[in-house]
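A.B. asks: Got a sequence here, can you build the structure:
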Amino acid sequence: QVQLVESGGGLVQAGGSLRLSCAASGRTFSSLAMGWFRQAPGKEREFVAAISWSGVSTYYPDSAKGRFTISRDNAKNTVYLQMNSLKPEDTAVYYCAAAYKYDSSPYEYDYWGQGTQVTVSS
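C.D. replies: Got it, this is the predicted structure:
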């Protein structure tokens, strides 16, 4: 079993930056792919970034490329999402998730955090 706890959300002005963290419990963290997703009110959960278990491979949708960076520290059981050049449309609850398969589909992820709110003001 893996438990995930996100932190680092908050209110930021457009053009600003935030770094989200996700702390994982459990001894299998280093063998799991990790992902970040977000969900805005009235919208479906959206893929934001994924990283392989080793950290060598990362994947982003077009909406995040060049602005967001996912990274992980397996020694600290933590995955990060650095978000730069934030836009009002990035406003959402951000979730980290863990999967046995490196993928962008939320259906492949077995463990989810409780989410952290990110609000970008214009």
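A.B. asks: where's the residue nearest the centre of the chain, which helix or strand?
C.D. replies: Using Cα atoms, centre = their mean, the residue of the chain that lies closest to the mean C-alpha position is W36, 2.4 Å off. Secondary structure from DSSP states H and E places W36 in strand 33-39.
A.B. asks: what sits up against that strand?
C.D. replies: 20, 22, 24, 45-53, 68, 70, 72, 79, 81, 90, 92-104, 106, 109, 115, 118 (Cβ atoms under 8 Å, 6 or more residues apart in numbering). For the C-beta atoms, the positions are set from N, CA and C on the backbone; glycine is no exception.
A.B. asks: Across the sheet, point out what pairs with the residue nearest to the centre of the chain.
C.D. replies: Assessed by DSSP bridges, W36 has beta-bridge partners A49, C96.
A.B. asks: out of the contacts of strand 33-39, which are buried?
C.D. replies: Among the contacts of strand 33-39, those buried by neighbour count (16 or more other Cβ atoms under 10 Å) are 20, 22, 24, 45, 47-51, 53, 68, 70, 72, 79, 81, 90, 92-99, 102, 106, 109, 115, 118.
A.B. asks: Go through stretch 23-40 and flag the buried ones.
C.D. replies: Using 16+ other Cβ under 10 Å as the test for burial, stretch 23-40 gives A23, A24, F29, L32, A33, M34, G35, W36, F37, R38.
A.B. asks: Might you report the residue contacts of the closest residue to N84 other than its chain neighbours?
C.D. replies: Spatially, and ignoring its direct neighbours in sequence, N84 is nearest to S17 (4.7 Å; Cβ to Cβ, 6 or more residues apart in numbering). By Cβ under 8 Å, 6+ apart, S17 lies in contact with Q82, M83, N84, S85, L86.
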